[in-house]
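*Asks:* Quick one, fold the following:
(chains A and B, ligands or ions: 4)
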Amino acid sequence: MASKAPRHDMPCQDPIVRGKNFSEVALGYTVETAAEEAKRCIQCKKPKCVEGCPVGVDIPQFINKIAEGEHLEAASILKGKNTLPAICGRVCPQESQCEAQCILGVKGEPVAIGRLERFAADYEMANGTSKLEKATPSGKKVAVIGAGPAGLTCAAELARKGHAVTVLEALHVAGGVLMYGIPEFRLPKAIVQKEINSLKDMGVEILVNQVVGKVTSVQELLANGYDAVFIGTGAGLPYFMKIPGENYNGVYSANEFLTRSNLMKAYDFPNHATPIKVGEQVAVLGGGNVAMDAARTALRLGAKDVYIVYRRSMTELPARVEEVHHAEEEGIQFKILTNPIAINGDENGNVKSMTCLKYELGEPDASGRRRPVAIEGSEFDLPVQTVVVSIGQGPNPLVTTTTAGLELNKWGNIVADETTMATSIPGVYAGGDIVTGAATVILAMGAGKTAAASIDAYLMTN
Amino acid sequence: MYKVVKRRQLADIITLLEVEAPEVAKKAQPGEFVIVRQNEESERIPLTIMDFNRDKGTITIVIQEVGYSSNLITRMQEGDSFVTFVGPLGQATEIENYGTVLCIGGGVGVAPVHPIARGLKEAGNKVISILGARTKDLLILEDEMRAVSDEVIITTDDGTYGMKGFVTHGIQSVLDQGIKVDAIWAIGPVVMMKSVANFTRPLGIKTIVSMNPVMVDGTGMCGACRLDVGGETKFACVDGPEFDGHKVDFDLAMKRSAFFKNEEAVAYGKVKCQCAKEGK
Ligand SMILES: Cc1cc2nc3c(=O)[nH]c(=O)nc-3n(C[C@H](O)[C@H](O)[C@H](O)COP(=O)(O)OP(=O)(O)OC[C@H]3O[C@@H](n4cnc5c(N)ncnc54)[C@H](O)[C@@H]3O)c2cc1C
Ligand SMILES: Cc1cc2nc3c(=O)[nH]c(=O)nc-3n(C[C@H](O)[C@H](O)[C@H](O)COP(=O)(O)OP(=O)(O)OC[C@H]3O[C@@H](n4cnc5c(N)ncnc54)[C@H](O)[C@@H]3O)c2cc1C
Ligand code: SF4
Ligand code: FES
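*Replies:* Ligands and ions are numbered 1, 2, ... in the order given. Just a heads-up that it's a prediction; the model follows:
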């Protein structure tokens, strides 16, 4: 049976070479490998993988089309449920979503659903000519605030239904974290822009340089002819550790570090005018995807030693397995069970070292993970010139604090009904990281999609 | 696009540009700023809104050449456009009737003080403005400031115009006349704001300064613009840029501003050598 064949590896750039460039690490399947991998799928009658996908991609169908060599068909099946397949195929935590449910995974390795998704989407980008048809106009107008995955998905779904959609984005390009956070070597920006262009082809209007909360407000949008509003402003507020020395030169938030490098292309300084500075020794605080991205970026910008400083153990790292693996291959050093207590500077206010404590794991805490406990007297100094803080982000308050009557939770996230994404204000919906706190691209997309369905229902009855 | 509709050279390295940006003009308030990018490869840099015209839909900025990006912008001509011109950002000045106020501008800092002085004047304050410059030729916007002030005091470091000395000498001269000052706005180089704050702290006069740390997004997303104000970390772009001058850690702010010095020199060198080639 085809299912006995081993899962096909993803060809990657050599770790030594890629540690010095910003080109994509994972190179993608060839037509032949994709066909072979697709043939491993046993085409379950009741496919569990689909349940594992937050947007319900028709996984067996699209995989079947790849097996048959109908790649454009495969892409169009994908796009029926997922407007950004080339992105999801690259950054979805497949191992804990669709692939986690794959029957083949019980005894062996699951079908490489994400890699096949990427293959089909890339194939279509390179060879496709398909243009989405424009729907008949409904006469309704919707404003979408924030052009991240949540806002973009919501916009696309509404446009499909014939509603006129305007997306308002604060930065000078659309894409949200996909543009400013996730590095080029993991998600090429040209691909993000291509997927966004396909939304423009559908008639979605994207206005950049629009900081809602300053240039306009939710109430004004509703008063000025928009029939509904979707808020997808993400979790863009960087948290700091609140330890001494955090304002020394050389301490960056992951957002600043990654924004300088990705969005402003500081890795191409001085051809691009935004500078970035990294020392020979760099400490990245945190253990999520953001920390991995910051660490691998620091390496590519010329750092000699890059440490991930994380207070739990390797098994608790919240980052995607594949990305931890890539980071290890590239030589990122993991200082686990370690937490900083102070950042030390020289007379010019530049970082010179970080004082840390060693930890051990105690009893499980409320999150079910074993709680890290500091070991007394374990203090040591780690010489570093750059510290990147990636311990999480909170909700961006610009919209939430300027919208009267919008219910927020104690962390400042918007309270939205889980099944409809409706907020406390009629006609106003929200989704993505601004509701859930920092999560994933596909969950944000799922929320955008759910909201679009509710908005459509609301528009047709009001 | 955001087109330059008027250009005026105010001093050797200081240029005024009036830019078409109707959405920004509709909402702009004194004390706020914009973030601009000149072209697709440019960095995002913050500039204070010096004036706004809601009818014409324009914003006026005044920029001093200090490095690569400001050089690029001061060379812009009427008809040229910015690719990014986002705002208004930051918190607007708290305009109230305080009584007698001093509006102090040092160097290019006179520009951001202008709409504040005008706002305070309209709110019924007695406005005494103190304009400081290193030398006469670098003094800008004198007529505009006279139009919105009850009295204008000019100080130059070298004594080529007005009173010889620093803006703090100007403050002293006001106090010497027995005038009770209720609040002070001071905008200019960080060292100037620091010395004004140090001067007024023992006198207990409310002193507001406008900080200019390095920024990237200007929307509270990156944390680059953080300052220590009264022992707390604040983001200048969303919490400021105006702060209580008696609480700001100016020394830290100065150190943070110097962080990219070497990189900035590299970029500046690039434009200088390009200009030389083009014979400019
Ligand atoms: C470095 C990094 C790596 C990550 N890696 C992964 C990964 O590998 N896999 C994965 O699934 N997830 C990953 N994530 C998480 C994922 O990117 C987010 O969960 C997702 O982007 C959330 O989407 P969103 O649309 O809610 O918000 P965002 O992507 O944050 O988009 C919000 C948008 O709203 C705009 N905005 C904010 N305020 C305003 C305003 N006032 N007016 C107008 N516009 C505004 C912002 O500029 C932004 O463009 C990563 C996140 C980061 C930071
Ligand atoms: C809220 C605010 C309002 C400002 N208003 C004005 C104004 O009205 N007129 C004016 O001439 N200048 C203003 N500035 C300063 C102006 O932004 C900088 O002079 C400019 O960014 C310098 O860029 P550069 O490439 O020419 O110089 P560089 O050679 O790169 O740097 C020179 C100095 O400028 C500062 N600087 C550099 N990059 C940035 C950045 N991205 N953000 C902030 N500061 C930076 C640093 O202190 C640096 O040492 C303002 C700054 C802030 C934060
Ligand atoms: S969108 Fe994500 S979860 Fe859904 S099938 Fe694709 S990779 Fe799996
Ligand atoms: S400039 Fe990024 S947070 Fe202020």
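
*Asks:* Residue in chain B with the shortest distance to ligand 3?
*Replies:* Distance from ligand 3 to each residue of chain B (C-beta to the nearest ligand atom) is smallest for B:M221, at 25.9 Å. The C-beta positions use only the backbone N, C-alpha and C, and glycine is treated the same way.

*Asks:* list the contacts for that residue?
*Replies:* Residues counted as contacts of B:M221 (C-beta atoms under 8 Å, 6 or more residues apart in numbering or on different chains) are A:180, A:236-238, A:255, A:259, A:396.

*Asks:* Repeat the analysis, applying 6 Å as the threshold.
*Replies:* Neighbour list for B:M221: A:236, A:255 [criterion: C-beta atoms under 6 Å, 6 or more residues apart in numbering or on different chains].

*Asks:* Please name the spatially closest residue to the residue of the stretch 1-150 of chain B found nearest ligand 1 (chain neighbours excluded).
*Replies:* Residue nearest to ligand 1 within the stretch 1-150 of chain B (C-beta to the nearest ligand atom): B:V86, separated by 10.0 Å. Closest residue to B:V86 apart from its sequence neighbours, by C-beta to C-beta, 6 or more residues apart in numbering or on different chains: A:N209 at 4.1 Å.

*Asks:* what's the answer for A:L357, then?
*Replies:* A:A374 (4.8 Å).

*Asks:* If A:V144 is in a bridge, with which residues?
*Replies:* Taking DSSP bridges, one obtains A:V167, A:F230 as the residues bridged to A:V144.

*Asks:* What residues does the stretch 51-200 of chain B have near ligand 2?
*Replies:* If contact is defined as C-beta under 6 Å from any ligand atom, the residues of the stretch 51-200 of chain B in contact with ligand 2 are B:62-64, B:66-70, B:108, B:111-112.

*Asks:* number of nearby residues for the closest residue to A:L27 other than its chain neighbours?
*Replies:* Sequence neighbours aside, A:P11 is the residue nearest to A:L27 in space, at 4.5 Å (criterion: C-beta to C-beta, 6+ apart). A total of 11 residues lie near A:P11 under the criterion other C-beta atoms under 10 Å in any protein chain shown.

*Asks:* I figured A:P11 hits A:A26, correct?
*Replies:* No: here A:P11 does not reach A:A26: they are 7.5 Å apart, not a contact under C-beta atoms under 6 Å.

*Asks:* Below-threshold pLDDT in chain A: ranges please.
*Replies:* Scanning chain A for pLDDT under 70 picks out A:1-4, A:129-133.

*Asks:* Now stretch A:286-305 - C-alpha only, CSV.
*Replies:* The C-alpha coordinates for stretch A:286-305 follow below in CSV (Å, rounded to 0.1, in the frame of the first residue of the first chain):
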residue,chain,number,x,y,z
GLY,A,286,11.8,33.7,25.1
GLY,A,287,11.1,30.3,23.3
GLY,A,288,8.3,30.9,20.8
ASN,A,289,8.3,31.3,17.0
VAL,A,290,9.1,35.0,17.5
ALA,A,291,12.2,34.1,19.5
MET,A,292,13.4,31.6,16.9
ASP,A,293,12.9,34.2,14.2
ALA,A,294,14.8,36.8,16.1
ALA,A,295,17.6,34.5,16.8
ARG,A,296,18.0,33.2,13.3
THR,A,297,17.8,36.8,12.0
ALA,A,298,20.6,37.9,14.4
LEU,A,299,22.7,35.1,13.1
ARG,A,300,22.2,36.2,9.5
LEU,A,301,23.0,39.8,10.4
GLY,A,302,26.5,38.6,11.5
ALA,A,303,26.3,37.6,15.2
LYS,A,304,28.8,34.9,16.2
ASP,A,305,27.0,33.4,19.2
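
*Asks:* Other residues contacting that stretch?
*Replies:* Contacts made with stretch A:286-305 from outside it, assessed by C-beta under 6 Å, 6+ apart, are listed as A:19, A:22, A:183, A:254, A:257, A:261, A:278, A:280-282, A:284, A:306, A:308, A:310, A:317-320, A:323, A:327, A:330, A:332, A:388, A:390-391.

*Asks:* ok now it, how far from the chain's centre?
*Replies:* For stretch A:286-305, the distance from its own C-alpha centre to the chain's C-alpha centre is 16 Å (C-alpha atoms, centre = their mean, to the nearest Å).

*Asks:* That one vs ligand 1: in contact?
*Replies:* Yes: judged by C-beta under 6 Å from any ligand atom, stretch A:286-305 comes into contact with ligand 1 at A:289-290, A:293.

*Asks:* Kindly indicate which of the residues you listed lies nearest B:F166.
*Replies:* Proximity to B:F166 was ranked across the residues of stretch A:286-305 next to ligand 1 by C-beta to C-beta; first place goes to A:V290, at 46.1 Å.

*Asks:* Let me know the secondary structure of that closest one.
*Replies:* On the three-state scheme (DSSP: H, G, I helix; E, B strand; the rest coil), A:V290 is labelled helix.

*Asks:* any idea how far it is from ligand 3?
*Replies:* When C-beta to the nearest ligand atom, to the nearest Å is applied, the distance between A:V290 and ligand 3 equals 19 Å.

*Asks:* The stretch 201-350 of chain A against ligand 1: which residues are in contact?
*Replies:* The stretch 201-350 of chain A comes close to ligand 1 at residues A:210-213, A:232-234, A:236, A:258, A:289-290, A:293, A:320, as judged by C-beta under 6 Å from any ligand atom.

*Asks:* Just give me the neighbour total for A:P137.
*Replies:* Other residues within reach of A:P137, judged by other C-beta under 10 Å, total 10.

*Asks:* picking that back up, please flag which of the contacts of stretch A:286-305 sit within helices.
*Replies:* A:254, A:257, A:323, A:327, A:330 (DSSP state H).

*Asks:* For the last one, grab the count of nearby residues.
*Replies:* Yep, that's A:E330 we're talking about. 19.

*Asks:* what does the first one give?
*Replies:* Applying other C-beta under 10 Å, we find 28 other residues in the vicinity of A:A254.

*Asks:* Tell me where the stretch 151-300 of chain A has helices.
*Replies:* Along the stretch 151-300 of chain A, the stretches classed as helices by DSSP state H, counting those that start in this stretch are A:177-180, A:189-201, A:218-223, A:254-258, A:289-300.

*Asks:* and if you look at the stretch 351-462 of chain A?
*Replies:* According to DSSP H, counting those that start in this stretch, the helices that the stretch 351-462 of chain A contains are A:397-400, A:433-436, A:441-461.
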